[in-house]
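Trainee: Need a 3D model of the following:
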Amino acid sequence: MNRYYEEKLPAGYSETLVIDANDKKQRMLLQVAAIITVAALINVFFFIYALPRLDEIAADFKIVKCICFIIAYPLYVVLHELTHGLVYKVLTRKKLAFGFKPPSAFCGVPDIYTYRFTSLLSLFAPLTVYSALFVFMFFIINEPFSRAMILLLFALHLSGCSGDLYGIGLFLFRFKSPATLRRDFGPKQVYCTKD
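Mentor: You can find the predicted model right below:
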């Protein structure tokens, strides 16, 4: 037994739950969660940061900063998925599957079953790394418009983590056993438990 993954589903295990972003209903639920998250965060950030500083933000506006933001967001999405992949690669050394199926991107290890620890580490990695990065950037950059764009990226980041947060919640509240396995195809995850 490998402590991070299994090549095949071991005897005595069965599929307990399938999350499939290709399924219209499940995809819609995840997208609604993401939209609610980003809308709530943008409102909070607007009222706490932007509204009291609208004049400063407007005075600091430059088209180059908008272009940087337009480039930064897709770059962030790629880095987010590469971060999942880095954790999977370090712990399993297995082939990764990357893809983009609007409106989401994905990274998985479809040929193996990862244990709860490996899956949680992969789910938490982009959430913690990029949350810390955006908070750090917010506090070291003093330009009002740039700070507003960082807050917008942070809100988009957290909404983009809605699927990751759902997976984390499943492991924290439903699949608590360290023996839980997950097969991550990218847009589809299969949770397996001992019978």
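
Trainee: Which neighbouring elements make contact with the longest strand seen in the chain?
Mentor: Identified as the longest strand of the chain according to DSSP state E is strand 104-115. In terms of contacts (3 or more C-beta pairs under 8 Å, 6 or more residues apart in numbering; DSSP states H and E), strand 104-115 is packed against strand 5-6, helix 63-92, strand 97-101, strand 181-184. In this view, the C-beta of every residue, glycine as well, is placed from N, C-alpha and C.

Trainee: right, and these - which one's nearest Ala21?
Mentor: Ranking those by proximity to Ala21 (C-beta to C-beta) places strand 97-101 first, at 7.4 Å.

Trainee: Any regions of the chain where pLDDT drops low?
Mentor: Where the chain drops to pLDDT under 70, the residues are 1.

Trainee: please redo it, this time with the cut-off set to 90
Mentor: For the chain, the stretches flagged by pLDDT under 90 are 1-2, 21-23, 26-27, 29-31, 50-51, 100-105, 195.

Trainee: Sort out which residues of stretch 42-58 are buried, please.
Mentor: Burial within stretch 42-58, assessed by neighbour count using 16 or more other C-beta atoms under 10 Å, is assigned to Ile42, Phe45, Tyr49, Ala50, Ile57.

Trainee: which residues touch Asp23?
Mentor: With contacts defined as C-beta atoms under 8 Å, 6 or more residues apart in numbering, Asp23 has no neighbours.
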